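Asks: Kindly return the folded structure for what I paste below:
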Amino acid sequence: MLFQNGIRSAITLRRGRQMPCFGLGVYKAAGEEVGRAICNAVEMGYRMIDTAQNYGNEEGVGAGLRACGAPREELFITTKLWVDQFARAAESVEESLRRLDTEYVDLLLLHWPGTDAPARLRAWDALLELREAGKIRCCGVSNFTIRQLKELREHCGEFPENNQIELHPWNQKRELRAFCDENRISVTGWGPLFHGHLAEEPLMFELAE
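Replies: Residues are numbered from 1 along each chain as shown. You can find the predicted model right below:
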């Protein structure tokens, strides 16, 4: 059922927002390259584009979004707040919106938990306030452990809607995924193709045959 519509399939997040199952990550893409990648991906049917402040390409992503021709309401845009911006989270998110040239993002993630728990919780509070203001549709995290997810729940009364983690056959994180499933935290896998190391895994050739 989940993938019956192929690349245009989607899941429903806890607060009712639809999130595509497949997305284009633009880590390390820059300049005109990222714009071309977005245009090509949208033409192929992708509707989720994933970037981050730390990628340094939000402006290029914004240009690609303008050039791709897809209506904004059909797109699902994800960006991420880096740890060194936790102390000025609200202002930093506004800067991301300006670089992306959009009035809102569909999903905003705390990119990394960092080591300063109070700063992390204050940044999370800022994201929730921006969600109430309509600047963020969904709030999530990236690279968070079970303990850190519980910490957010204890702090504000709700879990994030998404946890983006490294996830592929060599790094399956079964306990974390089970916890997320139990608590309706959607999981996005980054690095799902082994970072280009498919040729090092004989099982992939067996499956292909």
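Asks: Show me where this structure has its helices.
Replies: 31-44, 58-67, 89-100, 117-132, 146-156, 174-182, 202-208 (DSSP state H).
Asks: Packing partners of the second one?
Replies: The reference is to helix 58-67. For helix 58-67, the elements it packs on are helix 31-44, strand 48-50, strand 76-81, helix 89-100, judged by 3 or more Cβ pairs under 8 Å, 6 or more residues apart in numbering; DSSP states H and E. C-beta here means a position set from N, CA and C on the backbone, and glycine is covered the same way.
Asks: and the spatially most central residue of the chain, what are its bridge partners?
Replies: Compute the mean C-alpha point of the chain, and by Cα atoms, centre = their mean the closest residue is Thr78, 4.8 Å away. Beta-bridge pairing of Thr78 under DSSP bridges involves Asp50, Leu107.
Asks: and the gap between it and Val141?
Replies: 12 Å (Cβ to Cβ, to the nearest Å).
Asks: can you check Ile7 too?
Replies: Taking Cβ to Cβ as the measure, Ile7 and Val141 are separated by 25 Å.
Asks: Of these two, which one has the most company?
Replies: For Ile7 versus Val141, neighbours defined as other Cβ atoms under 10 Å are more numerous around Val141 (28 against 15).
Asks: Can you give me every residue that contacts the more buried one?
Replies: Val141 makes contacts with 109-110, 113, 148-149, 152, 160, 162-164, as judged by Cβ atoms under 8 Å, 6 or more residues apart in numbering.
Asks: count of residues packed around the residue lying closest to Cys21 once chain neighbours are set aside?
Replies: Nearest residue to Cys21 in three dimensions, chain neighbours excluded: Ser9, at 4.6 Å (Cβ to Cβ, 6 or more residues apart in numbering). By other Cβ under 10 Å, 13 other residues sit near Ser9.
Asks: Good, we can wrap up now.
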